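[1] just to be clear, the model below is a prediction. Sequence and coordinates:
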Amino acid sequence: MSQHSYDVVIIGAGTAGQSAYNQVVKHTSNVLVVNAGPWDTTCARVGCMPSKLLIEAAKYAHASQHASEFGIDNQTRIDPKATMQRVQQLRDYFTGHAQALVDQWPDEHKKQGKARYLDANTLEVGQDTICTKTSIIATGSTPRIDPQWQQALMHKLLTSDSIFNLPALPKSIIVVGNGAIGIELAQALARLGVEVTLMGKGSDIGGLSNPDLRKLATALITKELNYIDHSTIEQVYLQDDQVILHYQRNQQSGQVEAEYLLAAIGRESSIHTLGLDNIAPNYQTIKGAIQHPLTMQLDDLPIFIAGDVSTTQALQHEAANAGRIAGINAVRYPDIKQFEPYTGLSIVFSQPQMATAGQTHQALEKAKIAFACAEVSYRSQGRATIQDKNEGAIQLYGCPQTHKLLGAELLVNEAEHLAHLLAWSIQQGLTVPQLLAMPFYHPVLEEGLRTALVRLRAQLPELAS
Ligand SMILES: Cc1cc2nc3c(=O)[nH]c(=O)nc-3n(C[C@H](O)[C@H](O)[C@H](O)COP(=O)(O)OP(=O)(O)OC[C@H]3O[C@@H](n4cnc5c(N)ncnc54)[C@H](O)[C@@H]3O)c2cc1C
Ligand SMILES: NC(=O)c1ccc[n+]([C@@H]2O[C@H](COP(=O)([O-])OP(=O)(O)OC[C@H]3O[C@@H](n4cnc5c(N)ncnc54)[C@H](O)[C@@H]3O)[C@@H](O)[C@H]2O)c1
C-alpha cells in the first residue's frame, strides 16, 4: 500500500486519454495515466480499424463479383480464413503502432489497474491511494449486451469486441442493431458471402435522420440481405449449436437462425466503474455527470471528462479533440478556457456511404429551427453512373434568413469526402451563394452537390429569383 501525489491523473489510455496525456506532458511531468485494459486503444483493436479492414475486403469481393458489368470476366472465390487473417494481421499492425506510442512514455507515468474515486482529489487503484490536483475521466464505453442473450448463447453471442478474432468468416450470422456497427458489419459480411439477417427495432438506419433517406437506405440494404426492421426480439436460444431467434413484426411472429448472433445495439459508458457516487450520488451515471461541452469540466470540480464515456455518438475524432481540451484545461485549472466545438460529422462506411455534416433533419426539427431543404438523387449522376454506383441521394438544409448552409445528410458513393467538404464549409459559416461561387470539376461526384446547392438556393427567400 502506498500514497502518491500528482498534478494530473488521467483515467483511461484510449484515444481520448492519450490525446489528453500529449497536452498535459507539455506542462508537467508529474502526471499518471491509470488504465484498466490493454493500452492499444479501442479504435485500433476492436473499433474503427478492424471494421474498416473487413469492409475493404468486402469492397474487393463485391467489385470482383460485379466486374462483368464492365465487360471483365472473373471468377471470384472468397477464402473465409485468409479474409480474417488479413483483418487480424493489419489490426495487429495498427495496435502495435498505438502500443509503441505508449511504450515511449516514462514508466512512472503509467499504472495498470482500475481507478475509483474516494473524493474529488483522491483515487484508489488496487491497494494504492493517489492524490491529485486534477483528473481526467477517459474510460470509454463497452458494447451493450442483453444478459439473457449472453446466458442463452454463450460463445455464440458476438460483439464488436469478439467478432474480429474469429478464425474464419462464419457461414451465417444474425446482426441485431441497425446503427453504424450493425450496418457496416452486416453489409460487409453479406458481401463476403456470409448469410446475413439484420434486425432493427425502428426505422433508423446508420445514423441517418432524414425520413426520405432512411426509406432509400432501407430499400438499398434490403436488396443485399435479409433486413427485418421494426422488429421486437422475443426469445433467443441455442439448438444443435445454432442460434434460434424469435421475433415479432407487425403483430406477426417470425423465426430466424444462424451460426452466430452479433449484438450491435449500442455502447454503454464506463462511468459507473469509477465510484463517482463517492463525490455525488447523481454522478454514478453519465446522465447525472454531464460535463460542460466547451471546457469538458464536471460542474465546478477539478475533474474533466472526455471521449466515448460521455457521448451517445462515439466518434474517434471527437474523442481525440475532447481529450485535447480536457488535457489543456486540467493543467490550466482553475483558469480554464472554452473551446469551440467541431461541426458535427459522421460517416458510416457502407455502400453507398451514409453521412451527416452539421445539423441533421431530426436535430433541426427538434430545436424548432426554420430551414429550407433540397434533395438531389444520384440515380443518374454522371460520375456515379460511370462507376456503376448511381444510387442514393443528398439532402441539404439551409437557413432562410442568413442563407448559410446548416447541415447535410448523404447516402451516396464516397460520401466521406463530400461530408468533409460540407462540414468544413459549415464550420466556416459559408452561405449557399458562397459555396456556388467555387469551382466544380467535371465529371465528379461533387457536381451532384452543386445541383443540390442550386436547388437549395431556389428555396431561399430573396435568392429564389
Ligand atoms: C466496431 C467499431 C467501429 C468504429 N468505427 C469508427 C469509425 O469508423 N470512425 C470513428 O470516428 N469512430 C469509430 N468508432 C468509435 C471509436 O472507436 C471511439 O469513439 C474511440 O475509440 C473512443 O476512444 P476513447 O478514448 O473514448 O475510449 P477507449 O479507446 O475505449 O479507451 C478507454 C480506456 O479506459 C479504460 N478504462 C475503463 N474503465 C476504467 C477504469 N475504471 N480505470 C482505468 N481505466 C479504465 C479502458 O480499459 C480503455 O483502455 C468505432 C467503434 C467501434 C466499436
Ligand atoms: N463509421 C463510424 O463512425 C462508426 C462505426 C461503428 C461504430 N461507431 C460508433 O460506435 C457507437 C456504437 O455503435 P452501434 O451501432 O452499436 O450503436 P448505435 O447506438 O449507433 O445503434 C444501435 C442500434 O441498435 C438498435 N437496437 C437497439 N436495441 C435493439 C434491439 N433489441 N433489437 C434491434 N435493434 C436494436 C437501435 O435502434 C440503434 O439503431 C456509435 O455511437 C457509433 O458512433 C462509429
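    Cool, got the structure. Keep in mind that this is a model prediction, so the values were computed, not measured. Numbering: from 1, shown residues only. Ligands and ions are numbered 1, 2, ... in the order given.
[2] find the closest residue to ligand 2 in the stretch 151-300 of the chain.
    With C-beta to the nearest ligand atom as the measure, the residue in the stretch 151-300 of the chain that lies nearest ligand 2 is residue 179; the distance is 1.9 Å. Using the backbone N, CA and C atoms, a C-beta is placed for each residue, glycine as well.
[3] let me see the contact set for that residue.
    The contact partners of residue 179, taken as C-beta atoms under 8 Å, 6 or more residues apart in numbering, are 204, 206-207, 264-266.
[4] only the buried subset of those residues, as a PyMOL command please.
    If you want just the buried ones from the contacts of residue 179 in PyMOL, going by 16 or more other C-beta atoms under 10 Å, the selection is:
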select buried, resi 204+206+207+264+265
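[5] got the residues of the stretch 51-200 of the chain near ligand 1?
    Residues of the stretch 51-200 of the chain lying near ligand 1 by C-beta under 6 Å from any ligand atom: 51, 114-115, 138-140, 160, 181.
[6] stretch 233-241 vs ligand 2: in contact?
    Yes. Counting by C-beta under 6 Å from any ligand atom, contacts between stretch 233-241 and ligand 2 involve residue 233.
[7] picking that back up, out of the contacts of residue 179, who's nearest residue 237?
    Distance from residue 237 was checked for each of the contacts of residue 179 by C-beta to C-beta. The minimum falls on residue 265, at 18.1 Å.
[8] that closest one in helix, strand or coil?
    Recorded secondary structure, residue 265: coil (DSSP: H, G, I helix; E, B strand; the rest coil).
[9] hang on, it packs against residue 176?
    Yes. Between residue 265 and residue 176 there is a contact at 5.9 Å, judged by C-beta atoms under 8 Å.
[10] rewinding a little: how close does the residue of the stretch 151-300 of the chain closest to ligand 2 sit to ligand 1?
    Plainly put, residue 179 is 10 Å away from ligand 1 if you go by C-beta to the nearest ligand atom, to the nearest Å.
[11] and what of residue 30?
    Per C-beta to the nearest ligand atom, residue 30 is found 19 Å from ligand 1.
[12] that residue reaches residue 6, doesn't it?
    Yes. Shown here, residue 30 and residue 6 form a contact pair, counting by C-beta under 8 Å, at 5.4 Å.
[13] what is in contact with the two at once?
    Listed contacts common to residue 30 and residue 6 are nil; contacts here mean C-beta under 8 Å, 6+ apart.
[14] contacts only, for residue 149.
    Contact partners of residue 149, counting by C-beta under 8 Å, 6+ apart, are 157, 236, 261, 263.
[15] care to break this structure down by domain?
    Taking automatic domain parsing as the reference, the chain has its domains at 3-142+268-332, 147-265, 345-459.
[16] is the last one positioned near ligand 2?
    Yes. Applying C-beta under 6 Å from any ligand atom, one finds domain 345-459 touching ligand 2 at 346-349.
[17] returning to what we had before: so which of the residues of the stretch 51-200 of the chain next to ligand 1 are also by ligand 2?
    The residues of those that also fall near ligand 2, by C-beta under 6 Å from any ligand atom, are residue 181.
[18] wait, what's in contact with the residue of the stretch 301-450 of the chain found nearest ligand 1?
    Per C-beta to the nearest ligand atom, the residue of the stretch 301-450 of the chain with the smallest distance to ligand 1 is residue 307, at 2.4 Å. Shown here is residue 307, whose contacts under the criterion C-beta under 8 Å, 6+ apart are 12, 14-17, 138-140, 318-319, 322-323.
[19] and the pLDDT for it?
    Residue 307 is assigned a pLDDT of 97 by the prediction.
[20] for residue 4, same thing?
    The pLDDT attached to residue 4 in the predicted structure is 88.
[21] quickly list what it is bridged to.
    In this structure, residue 4 has the following beta-bridge partners (DSSP bridges): residue 130.
[22] relative to ligand 1, how far out is it?
    Note on residue 4: its distance to ligand 1, by C-beta to the nearest ligand atom, is 16 Å.
[23] now that residue: how far from residue 123?
    10 Å (C-beta to C-beta, to the nearest Å).
[24] now do residue 105
    19 Å.
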